[in-house]
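Chemist: what's the 3D shape of this:
(one chain, ligands or ions: 1)
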Amino acid sequence: MSAVIEIDGLRKTFHSVRQGHRVAVDGFDLRVDAGQIHGFLGPNGSGKTTTLRALLGLVRADAGRMSVFGASSPQELPAVAGRVGAIVESPQFFGNFTAHRTLRLLALAGGVPTTRVDEVLEQVGLRDRGDERVKGYSLGMKQRLAVASALLKDPELLILDEPANGLDPAGIREMRDLMRSLSAAGVTVLLSSHILAEIQLICDHVTIISRGRRVAAGRVDEVLAGFDQHEFAVRVADPERAAQLLRAGGLAVTEHDDQLVVGGVDEPELITRTLGEQGIWVRELVPLRPDLESVFLELTGTTPHPTVPRQVDGSVLPDAAPRDAVIDLDVRADETREVQA
Ligand SMILES: Nc1ncnc2c1ncn2[C@@H]1O[C@H](COP(=O)(O)OP(=O)(O)OP(=O)(O)O)[C@@H](O)[C@H]1O
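Modeler: The predicted model follows:
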């Protein structure tokens, strides 16, 4: 597998008059291989946007090595900019313009043939609605329009910051289908989110960030497997006696209402045999697999919530207004924002 994005030891500290120093990214590593739909998961304020902005040359990193398609960032980014479509934070569109007009203007501004407009509208499933004004669009449609704008130059890599933010379950499914069809067409996707359900539904690989540091990375199923306690829920007629027998057999047992949770079990036969030999018949034996939510909680110590922006230190963000929209790598960093924010 060839690496499309490599980040090694990225560090970024913001200096603000009001809040002093704030370490946003603290020695962070990320690798995204070709063809992946890679989720970049972390609580609010954990450093996702800062990482993406640094990777795209929109904010200056303090330390670390970054590359996109082997070109080191930010110095060699212009050489690969045409292969990358990126949206960082929610883009703002003119409500009175139609999607078609919006994309046509963006195509003209970006030197992209306007014949791409219908193609990208088709790709994101907005072809039939392209002549409607954007102000009448649902949030999901606006998000898809944003993706369409990033697809105009037919990128091989798509970077999306919180693309499913605020979407309902149907919107998330639409986004998942869109990401899968892009991936099937050979596009590598990196998308950030603080919502687990999105990542679990949409992505095949995940990197989890907490307080500016990578805390887990790999295939979603492998990351989950790393947290598998090999636990089984067991139902029997006499849980008390069953618990005694299983403990005597060296197993860790906890009692929950009418079921037992037996941990450290490599082979479930051990449970059925131990109990069956003593005339206790197992009514139900269910493996307890970790879900991304519990893994995320364990790794970051933060409960994700779609509507309450929360810092990793537990404080609620005073202002969660979207910062900026980036649809082209030609946009350069506004360094003054850094010190004023
Ligand atoms: N321009 C800035 N000036 C000062 N501090 C900043 C700036 N941008 C980000 N930060 C701080 O850096 C930390 C990381 O923020 P960042 O936006 O990268 O997190 P995030 O994971 O993208 O969060 P969210 O999910 O809310 O978008 C936060 O503490 C944030 O307040």
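
Chemist: where along the stretch 51-200 of the chain do the strands fall?
Modeler: 63-68, 71-72, 84-87, 157-161, 188-193 (DSSP state E, counting those that start in this stretch).

Chemist: low pLDDT regions in the stretch 101-250 of the chain?
Modeler: The model of the stretch 101-250 of the chain has pLDDT under 70 over residues 166.

Chemist: ok and the residue in the stretch 151-300 of the chain nearest the ligand?
Modeler: Nearest residue of the stretch 151-300 of the chain to the ligand, counting by CB to the nearest ligand atom: His194, 4.5 Å away. The C-beta positions use only the backbone N, C-alpha and C, and glycine is treated the same way.

Chemist: and Arg173, how many neighbours?
Modeler: By other CB atoms under 10 Å, 15 other residues sit near Arg173.

Chemist: wouldn't it be in contact with Leu201 here?
Modeler: Yes. Using CB atoms under 8 Å, Arg173 makes contact with Leu201 at a distance of 7.2 Å.

Chemist: For the strands of the stretch 51-200 of the chain, give me JSON lines that also has mean neighbour count.
Modeler: Formatted as JSON lines, these follow (neighbours: other CB atoms under 10 Å):
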{"stretch": "strand 63-68", "mean neighbour count": "19"}
{"stretch": "strand 71-72", "mean neighbour count": "15"}
{"stretch": "strand 84-87", "mean neighbour count": "24"}
{"stretch": "strand 157-161", "mean neighbour count": "24"}
{"stretch": "strand 188-193", "mean neighbour count": "26"}
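
Chemist: Now tabulate those strands in a markdown table and tack on distance to Ala242.
Modeler: Shown next, in a markdown table, are the strands of the stretch 51-200 of the chain (distance: least, CB to CB, whole Å):
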| stretch | distance to Ala242 |
| --- | --- |
| strand 63-68 | 54 |
| strand 71-72 | 61 |
| strand 84-87 | 55 |
| strand 157-161 | 50 |
| strand 188-193 | 42 |
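
Chemist: any chance you could map the helices in this structure?
Modeler: Secondary structure of the chain (DSSP state H): helices at 48-55, 77-80, 99-110, 116-123, 139-151, 169-184, 196-202, 220-225, 239-248, 269-276, 292-300, 335-340.

Chemist: on that earlier part again, isn't the residue of the stretch 151-300 of the chain closest to the ligand up against Glu162?
Modeler: Yes. Using CB under 8 Å, His194 is in contact with Glu162, at 7.4 Å.

Chemist: who's Ala233 bridged to?
Modeler: Val261, Val286 (DSSP bridges).

Chemist: show me what contacts it?
Modeler: By CB atoms under 8 Å, 6 or more residues apart in numbering, the contact set of Ala233 is His256, Gln259, Leu260, Val261, Glu284, Leu285, Val286, Leu288.

Chemist: Would you mind listing which of those are buried?
Modeler: Gln259, Leu260, Val261, Leu285 (16 or more other CB atoms under 10 Å).

Chemist: check contacts around the second one.
Modeler: I take that to be Leu260. Ala233, Val234, Arg235, Val236, Pro239, Ala242, Ala243, Leu246, Val253, Thr254.

Chemist: one more time with 10 Å, if that's ok
Modeler: Listed by CB atoms under 10 Å, 6 or more residues apart in numbering, the contact set of Leu260 reads 232-236, 239-240, 242-243, 246, 251, 253-254, 271, 275.

Chemist: Over to the first one?
Modeler: With contacts defined as CB under 10 Å, 6+ apart, Gln259 is in contact with Phe232, Ala233, Val234, Arg235, Val236, Pro239, Arg283, Glu284, Val286.

Chemist: so how far is Ser72 from it?
Modeler: According to CB to CB, to the nearest Å, Gln259 stands 55 Å off from Ser72.

Chemist: go on, the last one?
Modeler: When distance is defined by CB to CB, Leu285 is 53 Å away from Ser72.

Chemist: on that earlier part again, quick check: which of the helices of the chain is buried the most?
Modeler: Ranked by mean neighbour count, the helices of the chain are led by helix 48-55 with a mean of 26 (mean count of other CB atoms under 10 Å).
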